[in-house]
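Peer 1: What shape does this take:
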Amino acid sequence: MSSSFRAPPVRSSDEIDFVRLFASVWQQKKLLFIVTLGAGLIAASYAFLAAPVYKVSSVLRPAAINDLDALNRSEIYQLPPAEALLKVGAALDSYDTRLSYFRKNQKLFEKFVRPGQTLEQSFQEFNHDSIRLILPEADKKNSLSAYIKLEMMYPKGVDGVSILNGFVDYAIATERERITADLNVIVKNRLRELNGKLDSARSNYDIEKEAKIASLREADSLKRAQLQDELKALRSQLKNLRSDRIAQLNEAIGIARSLGIQKPATPSSLGESAVTSAGSVMRTEVNNQQIPLYFMGVDALKAELAALQSRRSDDFTESRIAQIAKELQLLASNREIEVLDARKNEDIFLAGVQPLRTEIFRLGGLNIDMSKLRLVSIDQQALEPLVPSSPNRPLIILLGLLFGAVVAICIALVREALRAARVNAEGDKHDPAGSTLLQSVAQLDRQQESGNKSLQK
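Peer 2: This is a model prediction of the structure:
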């Protein structure tokens, strides 16, 4: 069963009539103006009464190559411009460097010192809130070169320009002193190493010299002993030869006396001794056999025997003995040892130390004026700002007006909602039938929908 009754459409409570809502809010334009103006006045009061804060900045870039050329050409300390910039940046960011500068320039930081705080506590607040180091972003493509930026925020009455510029100069000077100290330590260590090598060369030379002298003396002693042994052996040999000659002479004298050979003779002359001749006769005898010694005759043999028996030394009979005496005389003094001992400046005889001496002389003559060494280029120094960086008065006033407008709109909407709720409540009290009618219409709609579903089934 269906019904042709249709209830009048009822507006859902979730739907919002924006036109009616805007009209209801616009009716409260006086409230909107007053609240917005009040918020703007409060923001303007804060903007003009708040203590102004100023901001200064300084930009550092890598130094030119020629500024670090003297240091890099020393071949002792290599410092490219980019690395020098990083070192200065590390000094600017160093807590110790900042605290040291804070302590040495307390007059500049009087405004940052709070009553009841220690110097370190005041510095901690300043270091955390007032100064900031900015590095270039790694993915920033529009950066033409590396740089380091230092920013400082400070209130009115503080000489921020002097503080920032002074701190930059102090950090550069501190880093320059560190590099100077490092360079001096490296040079001293290098000189100590070279001098150690030179002392080692001297020690090796002294050892080699002593070894050479000892070797020469040992060779001389050995040669002298060998010559003396040879001389002794030769003299013993000559003595034995002399004894043998005396024995031969005694034997030959006995034979010559028994043969009656008083004067020197030959075997042929001995056979013809009985033959006499009126004239002088000269004989020549050719014989390849050695004539026995007794043919020398008793007189000659006795004369030789007497000479041998009276001889005191046989050295003159052997030429080698004179040569040995000469060699022994030469061995009495070794001129090479005397020359080695007579050396005054032995450093000139050291081998392979010329490069060491050259390097020592070069390091000793290094004359790098570190006071004029430019580690970085100050691309922008801190300048006195013309206007404070905060508070931003136009922005604060604009935000205050916007906030006031939003608050005013919210107040207007709340008031309109409260008014509508009050009107609905009063309407329900004066017209209960209307409310009952609406409930009946809603019930009929639900019944009709149930009937339609039953017919469909």
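
Peer 1: Tell me who's in contact with residue 148.
Peer 2: Residues touching residue 148, when contacts are defined by C-beta atoms under 8 Å, 6 or more residues apart in numbering, comprise 59-61, 85, 88-89, 92, 133-135, 376. All C-beta spots, glycine's among them, are computed from the backbone N, C-alpha and C.

Peer 1: And residue 160, how close does it get to residue 131?
Peer 2: According to C-beta to C-beta, to the nearest Å, residue 160 and residue 131 sit 10 Å apart.

Peer 1: need the contacts of residue 148 in JSON lines with neighbour count and distance to residue 408, can you?
Peer 2: Formatted as JSON lines, the entries for the contacts of residue 148 read as follows, by neighbours: other C-beta atoms under 10 Å; distance: C-beta to C-beta, whole Å:
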{"residue": "59", "neighbour count": "17", "distance to residue 408": "46"}
{"residue": "60", "neighbour count": "24", "distance to residue 408": "50"}
{"residue": "61", "neighbour count": "17", "distance to residue 408": "52"}
{"residue": "85", "neighbour count": "21", "distance to residue 408": "54"}
{"residue": "88", "neighbour count": "22", "distance to residue 408": "54"}
{"residue": "89", "neighbour count": "21", "distance to residue 408": "51"}
{"residue": "92", "neighbour count": "23", "distance to residue 408": "49"}
{"residue": "133", "neighbour count": "12", "distance to residue 408": "44"}
{"residue": "134", "neighbour count": "12", "distance to residue 408": "41"}
{"residue": "135", "neighbour count": "12", "distance to residue 408": "46"}
{"residue": "376", "neighbour count": "24", "distance to residue 408": "55"}
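
Peer 1: Give me the subset of those lying in strands.
Peer 2: Secondary structure assignment by DSSP state E places 59-61, 133-134, 376 of the contacts of residue 148 in strands.

Peer 1: Make CSV out of these and add pLDDT.
Peer 2: Below are these laid out as CSV (pLDDT from 0 to 100):
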residue, pLDDT
59, 92
60, 91
61, 91
133, 88
134, 86
376, 91
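
Peer 1: if we take these, which one ends up nearest to residue 399?
Peer 2: Comparing the ones in strands among the contacts of residue 148 against residue 399 with C-beta to C-beta places residue 134 closest, at 26.6 Å.

Peer 1: Quick check, that closest one in contact with residue 93.
Peer 2: No - using C-beta atoms under 8 Å, residue 134 is not in contact with residue 93; the gap is 10.5 Å.

Peer 1: Find the centremost residue of the protein, please.
Peer 2: With distances taken as C-alpha atoms, centre = their mean, residue 77 lies nearest the centre of the chain, 7.5 Å away.

Peer 1: Spit out the contact partners of it.
Peer 2: Taking C-beta under 8 Å, 6+ apart as the criterion, residue 77 is in contact with 71, 179, 182-183, 186.
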